[in-house]
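[1] quick check, what structure comes out for this input:
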Amino acid sequence: QVQLVESGGRLVQAGDSLRLSCAASGRSFSDYPMGWFRQAPGKEREFVAAISWSGTFYADSVKGRFTISRDNAKNMVYLQMNSLKVEDTAVYYCAAKRGTLGSRREGEYDYWGQGTQVTVSS
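    Residues are numbered from 1 along each chain as shown. Below is the predicted model:
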């Protein structure tokens, strides 16, 4: 069992940077591929980024602007977001999945946090 708690979301201006954090509890955190997803108002939840032992990958919409990282010693996952745009406004969720590889599919993730709101104003 893994419990996830996101933090760091807030109101920022377009062009700003923001780092989201996800604190994980549970055994063998380092074994879990981790992902970030987001859900904008009126839209479905979408993939943002994922990290596992094999590396990282990103949605095209955030590639080059966002960076996912993890600190296994601290049981933490981070999402560094640079050059934020109004369209990045959403609730951001941290997720963990069993297995060895990350995924773009939210249905493959087993554990989810409660989300943190990021609002980007123009």
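[2] and the end-to-end length of stretch 42-51?
    End-to-end span of stretch 42-51 (Cα to Cα, to the nearest Å): 27 Å.
[3] please disregard the earlier target; I meant stretch 64-82.
    Stretch 64-82 has an end-to-end distance of 9 Å (Cα to Cα).
[4] contact partners for residue 96?
    2, 4, 24, 29, 32, 33, 34, 35, 109, 110, 111 (Cβ atoms under 8 Å, 6 or more residues apart in numbering). Where C-beta positions appear, they are placed from N, C-alpha and C, glycine not excepted.
[5] go again with 10 Å.
    By Cβ atoms under 10 Å, 6 or more residues apart in numbering, the residues touching residue 96 are 2-4, 22, 24, 26, 29, 31-35, 77, 109-113.
[6] give me the distance between the residue nearest to residue 39 when sequence neighbours are not counted and residue 31.
    Of all residues not flanking residue 39 in the chain, residue 45 sits nearest, at 4.1 Å (Cβ to Cβ, 6 or more residues apart in numbering). Separation of residue 45 from residue 31 (Cβ to Cβ, to the nearest Å): 24 Å.
[7] quick one: the strands in the chain?
    For the chain, the strands defined by DSSP state E cover 3-7, 11-13, 18-25, 34-39, 46-52, 55-58, 66-71, 76-81, 90-96, 111-112, 116-121.
[8] for the fourth one, list the C-alpha coordinates in CSV.
    Output in CSV follows, covering the C-alpha atoms of strand 34-39 (Å, rounded to 0.1, in the frame of the first residue of the first chain):
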residue,chain,number,x,y,z
MET,A,34,5.6,7.3,-10.5
GLY,A,35,3.6,9.6,-12.6
TRP,A,36,2.1,13.1,-12.6
PHE,A,37,-1.3,13.7,-14.2
ARG,A,38,-3.5,16.8,-14.4
GLN,A,39,-7.2,17.6,-14.8
